[in-house]
Each structure stands twice: as C-alpha cells, then as structure tokens.
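Peer 1: got a predicted model here, sequence first, then my questions.
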Amino acid sequence: MENEKMLPQLSATILEEQAELTLIEVSHACAVQVECIVELVDEGVLAPVGREPDCWRFSGIHMRRATVALRLQRDLGVNLAGAALALELLDEVEALRTQLKAMGCN
C-alpha cells in the first residue's frame, strides 16, 4: 500500500438549475478572477440576468457553461470565441439528442 499514489481530494458543489449566484460567487466557484467571468459574458458564453455586473445573477446552467469554457481554454488552449462556438455546438447536439429521444430513437 505504500507504493500507491495518493490522489488529491476533490470537492464539488451541486447546484440546481434554478439557483441564483452572484458574479463573485461564480468566480469563486470557478476559481478564477471576476474579470474572467466578465469576459465570458462579453463573449456571449454566459448570459446572466441583470444589467450591471453587480446585479448579475447566474444559474446552475451558467456554472456548467463557465466550467466547460474555462476547461477548453485551460486544457486545449481554445480562445473565448472558440469556446463560445464549442458550447453552441454542444447545445445543438444536446437539442438533437433530445429530439431523437422524443421520437423514440436511441
């Protein structure tokens, strides 16, 4: 057992789609600066409710999108525009899968 590698402990937070998070809460949850989340909003990756950054509210879906976009940037070196496009395509694939499932196709 001494030769087994120790794996780092991970922590996670489960959010409901209806949960509302502030800009600061999203940046903390994603472990990035607030400016990074603002850039995701500016690029169209995230579309929070509210007019000003201090009033923005994000849902659990926004958290998932932010996480995916940030991983694309970090792991694959994809720029924000590329991450936005990838998320749009992933959304389209999910919509098509839902349509297929509704038609009884698997």
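Peer 2: Nice, I can see it. Quantities reported herein were computed from a predicted structural model and do not represent experimental measurements. Numbering: from 1, shown residues only.

Peer 1: now do the buried residues in the helix of greatest length in the chain.
Peer 2: Using DSSP state H to define each element, the chain has its longest helix at helix 80-102. Buried residues in helix 80-102, counted by 16 or more other CB atoms under 10 Å: 80, 83-84, 86-87. In short, each C-beta sits where N, CA and C put it, glycine included.

Peer 1: that helix packs against which elements?
Peer 2: The contact analysis (3 or more CB pairs under 8 Å, 6 or more residues apart in numbering; DSSP states H and E) places helix 80-102 against helix 34-43, helix 60-76.

Peer 1: got CSV for these, with mean neighbour count, mean pLDDT and distance to His28 too?
Peer 2: Shown next, in CSV, are these (neighbours: other CB atoms under 10 Å; pLDDT from 0 to 100; distance: least, CB to CB, whole Å):
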stretch, mean neighbour count, mean pLDDT, distance to His28
helix 34-43, 17, 95, 9
helix 60-76, 17, 93, 11
